[in-house]
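Engineer: show me how the following folds:
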Amino acid sequence: MKKIIVIGGLSAGPSAAAKARREDENAEIILFEKGANISYATCGMPYAFSGVIEDRSNLIVVQPELLRTRFNIDLRLNEEILKIDTTNKIVFSKKGDYSYDMLVFATGAKSIVPPIKNIEKATNWSTCRSMIDFDKITKEGLASNSKHITVIGAGLIGVEVAENLREAGKEVTLIEGDNQVLNMWQQKFGNFAETVLKEKGIEVLTSSLVSEFELDENWKINGVKIKDGNTIKTDFVILSVGIKPNTDLLLENGAEHINNGALKVNERMETSIKDVFAAGDNVAIKNLQTNQFDYFPLGTHSNKAGRAAGANAVGQNIQFKGAYKTAIVKVFDYILARTGLNPKALQDLKIPFKTVLTVAGATPGYYPNQKDLIIEIYYHAKTEEILGAELFGEVGVDKRVDVLSTAIYAKLKITDLAQLDLAYAPPFSPAKDPVVVSSFVTENMLNNKSVQVSVEELSKFLIENKIEEYTLIDVRTAQEYERGTIPNAINYPLDSLRSDIETIKTLNKPIIIFCQKGLRGYLAELILNHNKINNVVNVAGGFKLWQMYCDKIEIPEPVLD
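Structural biologist: Numbers count the residues shown, from 1 in each chain. Prediction:
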C-alpha cells in the first residue's frame, strides 16, 4: 500500500489528495495543513468585503469533513511540517515524524511584507491572503469607525480589494510603486483602469513608495508617508505588494528553483528531488510560448497542477504542460484581460511582431445598450502567428480573451481568426464578432489597404514634429469635431471627403487620419488611396482611444459665416 503525504491545504494540496484517492482507493493519504482552515478561496476575499459574497462560509470550497469522509483523507489541521528528510523520505512536525513513499509539496506562497518604518509596531494593518487576514480586515478595516483604508500595491488583488472596499462605502487610497496600476498590462491599458478607479472615487497614487507608517499613542497607523514627503491620513492599511513561494523546506534539500525560490517542476509536476512532487503557488512551470520556467500564481494553475501531482503520486501519468499568462480583472463596470506575450515581453525576447488594434461593439448596434470592446493583438511579423492580446471593455471581454488564449495554444495565425465559427445571436455578439473584425483589419493591413498608427506613436510623433511637416485630418462629423478634437486637426467629414480631394492634394504632406473608433478612418484611407493620395495612416482606435490615453484635447474655434 502506497503512503502519500501532502503538505499544504489551500488549493493544490486538497486537489492532489482528492485526485490521488480517486485514482487509488487503497493508498494511505495524509494531508498536513499548518493552519485551522483548508481549501478556501483567497481570490474571493475581496468580493466578500463588499458583500457580493454574502457570508464568510461561502469562501470555504471544501469542508474538512468532506475530505475525511468522502475521500478518506487523514487530514491533520494545525500541524506544521518543520523539516523534510528527502533522503530517508521522512517529514517532521512537533507532533511526530512520518515516512512517505511519495510526497506532494503544496505549501503555496506568503505575502511579501516590505520594510516600512514602524510596520513591526503597528497593529491596524493586514495582508490579504489567508482567512486570518480576512477576519482581521473584516473586523477592523470594515468597522464603522474605519472611514479610510489605504491599499498598498495595485496588482490584481490590490485593485480588486480597492474596488470592493469602495463599494462597501470606504474612502480608499491605492498606492503603487510602479508608474501604472496592473503592470501585467501595457501602460495604456493600465491607464484605462486607473481612470475608471479615479472616476469611482478612489485616490490612485502611482510611482509612489511608502517609507513610513505614522502611529498614534496606541500603535495604530494614522498616516502613510510617501517617499516624496506626502502623508495619507488613514484608519487601516492593506498590503498587496506581491508574494514569495514557501519553498525553504525543499530548498534546504537542494531542490532546483528559479530566482524567487519557486520550485522547478516538469510536466508531471515532479521536482528535481526523487519522489517529490510540487504544485501551487510554490512552483515554476513552463511558459508554453518561451519554453522557459515562469511563475504563474493563479488558482487555475494550482488546481490543474495539484490534480496532476496527486494522480502521478499514485502511479498515473497526467501532464500539466504549462501556461502563458492569461489573466482577467474586474474594475467596477469594466474588465481588463490579457493573454500571451505583450510588446514589452516580445521586445525583451527580440521576437519581431506587429500589432493590430480595433474598437468594435461587443453586441450589434441595434441591440439595446451596446458597449465598445477594445482588442489589441500582437502577432509574429513573419509567420503571422498570434503571440498575445490585451482587451478592455464592459461586455464580452471574458469570451474574447478565452478565444484568443485558445488560438495561442493552437498556434493559429491572426488571419485564421476570420474563419472561426463563433456563436452569434444579438444578445451576445454582432454578426461580425470583434475577434473576427480584428482578423479582417489585419488582412487589410497585410494587403496594404490600411496602415495603423497607435495612440502612443501618435503622441510621440506630435511632440517630435512640427505641424508644418504633416496634416492631421479628423473625418468625423462637424458636430463631433466641434465637441473636441486632437490639437491641430483639420475637419474633413468622411461623407463629403470626395469633394475635398483636390484641396487635400495641394497639402502635399504625410496625412494622419482619425475618426471616432477607426472604421471611418479606414474608409477615408481607401478614398484617398484611390485618388492617388498614398502617404496616409489611420489612428488605431480613433479619437475614443486618444481621449482614453491622454488629455491633449482641443476645442476648435467656431467657424463664423
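
Engineer: show the contacting residues for the most centrally placed residue in the chain.
Structural biologist: Geometric centre of the chain, nearest residue: residue 327, 4.1 Å, by C-alpha atoms, centre = their mean. Applying C-beta atoms under 8 Å, 6 or more residues apart in numbering to residue 327 gives the contacts 156, 184, 298, 337, 338, 339. No exception for glycine: its C-beta is placed from N, CA and C like everyone else's.

Engineer: now do the phi/psi pair for it.
Structural biologist: Here is the backbone geometry of residue 327 (degrees, to the nearest 10): phi -150, psi 160.

Engineer: hey, what's it bridged with?
Structural biologist: Note on residue 327: beta-bridge partners by DSSP bridges are residue 338.

Engineer: so how far is residue 420 from it?
Structural biologist: 22 Å (C-beta to C-beta, to the nearest Å).

Engineer: please apply the same query to residue 401.
Structural biologist: Taking C-beta to C-beta, one finds residue 401 at 14 Å from residue 420.

Engineer: my read: residue 156 touches residue 329, true?
Structural biologist: Yes - assessed by C-beta atoms under 8 Å, residue 156 is found in contact with residue 329 at 5.2 Å.

Engineer: any shared contact partners between the two?
Structural biologist: With C-beta under 8 Å, 6+ apart, residue 156 and residue 329 have common neighbours residue 182.

Engineer: so where is this structure shaky, pLDDT-wise?
Structural biologist: Applying pLDDT under 70 to the chain flags residues 558-561.

Engineer: among residue 401 and residue 420, which residue is more densely surrounded?
Structural biologist: residue 401 (24 against 14; other C-beta atoms under 10 Å).

Engineer: would you say that one is within a helix?
Structural biologist: Yes - counting by DSSP: H, G, I helix; E, B strand; the rest coil, one finds residue 401 located in a helix.

Engineer: how about stretch 538-552: buried residues?
Structural biologist: 538, 539, 540, 541, 542, 543, 544, 545, 546, 547, 548, 549 (16 or more other C-beta atoms under 10 Å).

Engineer: where along the stretch 201-350 of the chain do the strands fall?
Structural biologist: 203-205, 210-215, 221-226, 231-233, 236-239, 243-245, 263-264, 276-278, 283-286, 293-294, 327-331, 334-340 (DSSP state E, counting those that start in this stretch).

Engineer: mind putting the ones you listed in CSV, distance to residue 101 included?
Structural biologist: Shown next, in CSV, are those (distance: least, C-beta to C-beta, whole Å):
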stretch, distance to residue 101
strand 203-205, 52
strand 210-215, 48
strand 221-226, 49
strand 231-233, 54
strand 236-239, 40
strand 243-245, 25
strand 263-264, 20
strand 276-278, 11
strand 283-286, 21
strand 293-294, 27
strand 327-331, 37
strand 334-340, 39
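
Engineer: which among those strands is found nearest to residue 14?
Structural biologist: For those, proximity to residue 14 was assessed by C-beta to C-beta; strand 276-278 is nearest, at 14.5 Å.

Engineer: what's in contact with that closest one?
Structural biologist: Contacts for strand 276-278 (C-beta under 8 Å, 6+ apart): 16, 86, 102-106, 250, 255, 263, 265, 268-271, 309, 312-313.

Engineer: same thing but 7 Å
Structural biologist: 86, 102-106, 250, 263, 265, 269-271, 309, 312-313 (C-beta atoms under 7 Å, 6 or more residues apart in numbering).

Engineer: might you report the residue contacts of the closest residue to residue 241 other than its chain neighbours?
Structural biologist: Spatial nearest neighbour of residue 241, chain neighbours left out: residue 153 (4.0 Å); criterion: C-beta to C-beta, 6 or more residues apart in numbering. Taking C-beta under 7 Å, 6+ apart, we find residue 153 in contact with 176, 239, 240, 241.

Engineer: quick check on residue 153: phi, psi?
Structural biologist: With angles defined as degrees, to the nearest 10, residue 153 sits at phi 110, psi 120.

Engineer: how about the one 5 residues further on?
Structural biologist: Here is the backbone geometry of residue 158 (degrees, to the nearest 10): phi -60, psi -40.

Engineer: residues near it, how many?
Structural biologist: Using other C-beta under 10 Å: residue 158 sits among 24 other residues.

Engineer: ok, now residue 86?
Structural biologist: Count around residue 86 with other C-beta under 10 Å applied: 21.

Engineer: wait, it sits on residue 253?
Structural biologist: Yes - at 4.5 Å, residue 86 counts as touching residue 253 under the criterion of C-beta atoms under 7 Å.

Engineer: now do the shared contacts for the two.
Structural biologist: residue 273.

Engineer: for the stretch 351-500 of the chain, just list every one of the strands.
Structural biologist: Under DSSP E, counting those that start in this stretch, the stretch 351-500 of the chain gives strands at 353-361, 372-380, 386-393, 452-453, 471-474, 490-491.

Engineer: so what are the sheet partners of the last one and their directions?
Structural biologist: Looking at strand 490-491 with DSSP bridges, its paired strands and their directions are strand 471-474 (parallel).

Engineer: count the residues that sit near residue 488.
Structural biologist: Neighbours of residue 488 (other C-beta under 10 Å): 11.

Engineer: the chain should start at 440 in everything you say after this.
Structural biologist: Got it, the first residue is 440 from now on, which makes the last one we talked about residue 927.

Engineer: what sits closest to it if chain neighbours are left out?
Structural biologist: residue 906 is the one closest to residue 927 (C-beta to C-beta, 6+ apart), at 5.0 Å.

Engineer: re the thing from before, and the contacts of residue 766, which is closest to residue 503?
Structural biologist: residue 737 (24.3 Å).

Engineer: so who does residue 925 touch?
Structural biologist: 911, 913, 953, 982, 985, 993.

Engineer: which members of the residues you listed are the farthest-apart pair?
Structural biologist: Longest span within the contacts of residue 925, C-beta to C-beta: 953 and 993, 12.9 Å.

Engineer: circling back: please identify the most buried of the strands of the stretch 640-789 of the chain.
Structural biologist: Of all the strands of the stretch 640-789 of the chain, strand 715-717 has the most neighbours on average by mean count of other C-beta atoms under 10 Å, namely a mean of 29.

Engineer: and of the strands of the stretch 640-789 of the chain, who's closest to residue 821?
Structural biologist: Short answer: strand 773-779, nearest of these by C-beta to C-beta, at 17.1 Å.

Engineer: other residues contacting the closest one?
Structural biologist: With C-beta under 7 Å, 6+ apart, strand 773-779 has contacts from 621, 623-624, 628, 632, 635, 728, 763-768, 826-833, 836-837, 840, 843-844, 847.
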